[in-house]
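1. A predicted structure for the sequence below; I have some questions about it.
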Amino acid sequence: MLNTTLCYLERGDQYLMLHRVKKKNDLNHDKWIGVGGKFLEGETPEECILRETREETGLTLTGWRYRGLVTFLSDTWEGEYMHLFTAHSWTGKQTVCDEGDLAWIEKSRLRELPLWQGDRIFLDLLETNAPFFSLKLRYEGERLAEAALDGRPLPADLSLEPLTAAHREGLAALWGDERVIRYTAIAAPCGAAETEARLAQYLAAQAALPRPTVFAVTLDGRFCGAAGCLKTERENTFGLFYQLLPEVWGRGIGTLSARMALAALLRQRPQALVLADAAVENPASVRILKRLGFERTGVRRERGMEICGFQLAPDGGLRA
């Protein structure tokens with residue numbers, strides 16, 4: 001197994017990205033990635049990323065964070081342990097790279113570019129300021145066949161897509177299920193009219209923002225829930241929610257979809273105040289919010305239940 005490094009230099013809401021188009025026989029050909037490379041004999045991860053960044057960009061890092069370890073496995077290429085960094089300060093003048101084209105890319109546009117599928121997972125972890133993590137990514141060709149975070153399997157084919165009227169049927173099944181709405185603000189199972197009204201409310205909230213913050217959760221291309229951050233009446237304040245069909249409960253999809261939705265918001269509103277609720281008798285949701293970096297703000301009695309209020313930690317947790 002090789003040891004390599006990868007670093008994302010951050011400038012405001014941008015990353016310095018490398019479009020790998022110059023190197024022959026490059027496993028990353030035409031992909032957009034951070035900067036980095038292989039260890040030299042005797043190097044530490046920090047020594048390697050300082051050298052590689054200087055060689056590829058001309059910049060000398062002065063402030064960086066070691067964020068995680070990615071175990072990259074492939075049926076085509078040699079496996080590697082990739083040591084992942086972000087950097088926030090440096091000196092020097094950016095130069096031309098002989099392995100590809102360097103460009104500062106807005107975080108909100110990054111997923112429009114050709115990326116490795118697994119990169120989307122760790123970019124969400126970086127952008128939500130997750131604590132140090134170990135991520136396993138196993139590829140068959142260019143298809144992500146397996147993923148695991150801190151030893152726990154992740155659904156490799158989970159994705160979020162902007163919520164639209166085309167998801168009406170799935171939402172009707174979701175909001176019409178008493179098990180799903182039990183711990184939500186939805187008072188009773190939704191029929192067709194109630195589903196249409198709630199969907200219209202969500203779409204109107206999205207229309208007021210430059211990029212989507214409310215999503216359909218899909219697994220293997222099939223609708224399995226909804227997650228997002230809804231704008232509240234308070235300035236720059238959003239409420240995080242995640243709702244899943246019962247057949248996918250207990251598979252880590254709640255945590256992952258909530259993290260992905262939160263990352264989508266913070267890419268465009270990094271200073272947003274993010275709130276969330278969880279019923280005391282729903283410990284799974286309480287654990288998810290704590291895992292995502294939310295802090296408990298109080299308890300109130302509502303809908304016959306004790307409801308814990310949470311707020312995303314302003315100086316830690318998920319905020320970069």
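-> Alright, I've got the coordinates.
2. any regions of the chain where pLDDT drops low?
-> 315-320 (pLDDT under 70).
3. could you rerun that using 50?
-> Across the chain, the ranges flagged by pLDDT under 50 are 316-320.
4. where along it do the helices fall?
-> Ranges of helices within the chain are 45-57, 117-127, 168-175, 178-181, 192-207, 253-268, 283-291, based on DSSP state H.
5. can you redo those helices as a markdown table with distance to Asn25?
-> The way it works is simple: take the backbone N, C-alpha and C, and place the C-beta from them, glycine included. Listed next are the helices of the chain as a markdown table, based on distance: least, CB to CB, whole Å:
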| stretch | distance to Asn25 |
| --- | --- |
| helix 45-57 | 18 |
| helix 117-127 | 20 |
| helix 168-175 | 44 |
| helix 178-181 | 50 |
| helix 192-207 | 43 |
| helix 253-268 | 33 |
| helix 283-291 | 40 |
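6. looking at these, which is nearest to Ser74?
-> helix 117-127 (10.7 Å; CB to CB).
7. the inter-axis angle of the closest one versus helix 253-268?
-> 70 degrees (axes from the mean of the first three to the mean of the last three CA atoms, to 10 degrees).
8. how far does helix 117-127 sit from the chain's center?
-> Distance of helix 117-127 from the chain centroid (CA atoms, centre = their mean, to the nearest Å) equals 6 Å.
9. OK, contacts around Arg234?
-> Arg234 is in contact with Leu273, counting by CB atoms under 8 Å, 6 or more residues apart in numbering.
10. quick one, phi/psi of it?
-> phi -80, psi 150 (degrees, to the nearest 10).
11. how much space between it and Ala200?
-> 22 Å (CB to CB, to the nearest Å).
12. does Leu163 touch Ala216 like I think?
-> Yes - using CB atoms under 8 Å, Leu163 is in contact with Ala216, at 5.2 Å.
13. which residues do the two both contact?
-> Ala226.
14. could you dump the helices of the chain into CSV with mean neighbour count and distance to Val35 added?
-> CSV is the format used below for the helices of the chain (neighbours: other CB atoms under 10 Å; distance: least, CB to CB, whole Å):
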stretch, mean neighbour count, distance to Val35
helix 45-57, 20, 5
helix 117-127, 21, 14
helix 168-175, 18, 40
helix 178-181, 14, 44
helix 192-207, 14, 34
helix 253-268, 24, 20
helix 283-291, 16, 30
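15. Gly228: which of those helices is closest?
-> Comparing the helices of the chain under CB to CB, the one sitting nearest is helix 253-268, at 4.9 Å.
16. nearest residue to Val274 in space, please, no chain neighbours.
-> Excluding the flanking residues, the one nearest Val274 by CB to CB, 6 or more residues apart in numbering is Leu312, at 4.0 Å.
17. what's the neighbour count on that neighbour?
-> 26 (other CB atoms under 10 Å).
18. look up how far Glu46 lies from it.
-> Distance from Leu312 to Glu46, by CB to CB: 30 Å.
19. for this protein, which residue is closest to the average position?
-> Asp124 (2.4 Å; CA atoms, centre = their mean).
20. residues contacting that one?
-> 259-260, 263.
21. what about the strand ranked longest in the chain, distance to the chain center?
-> Using DSSP state E to define each element, the chain has its longest strand at strand 60-74. On the basis of CA atoms, centre = their mean, strand 60-74 sits 16 Å off its chain's mean C-alpha point.
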